[in-house]
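>>> Give me a model of this one.
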Amino acid sequence: MLNSPHDHFFKKVFSQKEIAQDFIENYLPKELKKIINTKELEIVKDSFIDKELQNSFSDMIYKVDIDNNPGYLYLLFEHKSYPDKLISFQLLKYLTKIWDLHLKQNNTNKLPFILPLVVYHGREKYNISLKFSSLLAKEKNLEEYIPNYKYLLYDFSQYSHNEIIGSVQSRLFLKIIQNIFKDDFEKELDEIFSLFRELKDTDTVLEYFETAMRYIINVREISIQNLKNKVNNTIPERSGDLMSLGEKLRKEGKLEGKKEGKLENLRETISIIISNKFNLNKLPDNISKKINSADIKQLEKIRDNIFEIDSLEEVKKYLN
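Numbering: from 1, shown residues only. You can find the predicted model right below:
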């Protein structure tokens, strides 16, 4: 099991300069594309995510020319089950860290422009404001004294088939994250796999195919045999690559007991965080039993919403 399959998949894809350029050129508003030069795009290696939030967010930062001045594009990948209501605040903290780093690395007293972009990857519809000011109490007399900005949001679960554009690698990534949590994900695999036919470079196909398969296997409870059947129906030429990957994963110990191991670890984690949150030496027996019989989706829901849960009664609702 990958510790953070969402982070691994996102970083693997968006640390490729061509894919970052392709995404920016296809999804930035027209008025911004006119003033942002992506030809000289540089990938900045630093990450600004707090350790405690690394299971919910990933980030990439790109140095670009914005209207002939140095600037940055900050791409935040949110992979929680639901949109974080404080994401504007989190972004503001990351923006100030980037500015701080820029000032330390450059002999200047001017701050560069940073454009924040958020790719949302949750199960629930994104329904919160894109403006930082929405977090503050409304008071007309104070408006000019508060900081404010707006970020660009990309919730690809709401995009139609024709709206997902760009290079094959970009579309593959976006199609996978668009469908990975859907109940009918295995049906969508036919379209996802068919895109691999459009990849021409042999090395690129092999590397990207393995990256995508590792992600799918880690996030969805889907067997190699089921994947093989899908591959045989859509891209039979990749069947041997899939079986080679399956063998590699077995040798790495990533398939044996994967589901059971993940479930057991999650049950233990949920028990610990609930005990800590409510200062309990021992969980009540009825809750402990429910945790031990809960499925992965129930437990992930508790984990993702733990900061919103205020009582053991609310915990029981999730477990029911």
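>>> What about residue 189, how many residues nearby?
By other CB atoms under 10 Å, the residues close to residue 189 number 23. Where you see a C-beta, it was placed from the backbone N, CA and C, and this is true even at glycine.
>>> Quick check: it touching residue 232?
No. Judged on CB atoms under 8 Å, residue 189 makes no contact with residue 232 at a distance of 11.8 Å.
>>> Show me how this structure divides into domains.
Domain ranges of the chain: 5-158, 168-251, 258-319, per automatic domain parsing.
>>> any chance of these in a markdown table, plus mean pLDDT?
Output for these, formatted as a markdown table (pLDDT from 0 to 100):
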| stretch | mean pLDDT |
| --- | --- |
| domain 5-158 | 91 |
| domain 168-251 | 87 |
| domain 258-319 | 83 |
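>>> any idea whether residue 64 is helix, strand or coil?
Under the three-state scheme (DSSP: H, G, I helix; E, B strand; the rest coil), residue 64 adopts strand.
>>> Can you give me the neighbour number for it?
Residue 64 sits with 22 neighbouring residues when counted by other CB under 10 Å.
>>> So it sits against residue 74, correct?
No. Using CB under 8 Å as the test, residue 64 is too far from residue 74 to be in contact (11.0 Å).
>>> Now do residue 308: how many residues are near it, please.
Using other CB under 10 Å, residue 308 has 9 neighbouring residues.
>>> quick one: contacts for residue 278?
Taking CB atoms under 8 Å, 6 or more residues apart in numbering as the criterion, residue 278 is in contact with residue 312.
>>> shift numbering so it begins at 23
Yep, numbering from 23; the last one is residue 300 now.
>>> Now do it against residue 337, distance only.
Look at residue 300 and residue 337: by CB to CB, to the nearest Å, they are 9 Å apart.
>>> Equivalent analysis for residue 116, please.
From residue 116 to residue 337 the distance is 31 Å (CB to CB).
>>> The two: which is more packed in?
residue 337 (23 against 20).
>>> Kindly list the main-chain dihedrals of residue 132?
Residue 132 adopts backbone torsions of phi -110, psi 140, taken as degrees, to the nearest 10.
>>> these two touch, right, residue 204 and residue 210?
Yes. If you go by CB under 8 Å, residue 204 and residue 210 touch, sitting 6.6 Å apart.
>>> list the contacts for residue 150?
Residue 150 touches 105, 107, 109, 156, counting by CB under 8 Å, 6+ apart.
>>> Just give me the neighbour total for the second one.
By the criterion of other CB under 10 Å, residue 107 has 13 neighbours.
>>> Contacts only, for residue 322.
For residue 322, the contact set (CB under 8 Å, 6+ apart) comprises 103, 288.
>>> helix or strand for it, which one?
helix 318-327 (DSSP states H and E).
>>> what packs against the helix or strand following that helix?
Counting by DSSP H and E, the next helix or strand C-terminal to helix 318-327 is helix 334-341. Secondary-structure packing of helix 334-341 (3 or more CB pairs under 8 Å, 6 or more residues apart in numbering; DSSP states H and E): helix 307-315, helix 318-327.
>>> buried set for the shortest one?
When neighbours are counted by 16 or more other CB atoms under 10 Å, the buried residues of helix 307-315 are found to be 309, 312, 313.
>>> follow-up on the earlier one: from the contacts of residue 150, keep the buried residues only.
The neighbour-count criterion (16+ other CB under 10 Å) marks 105, 109 among the contacts of residue 150 as buried.
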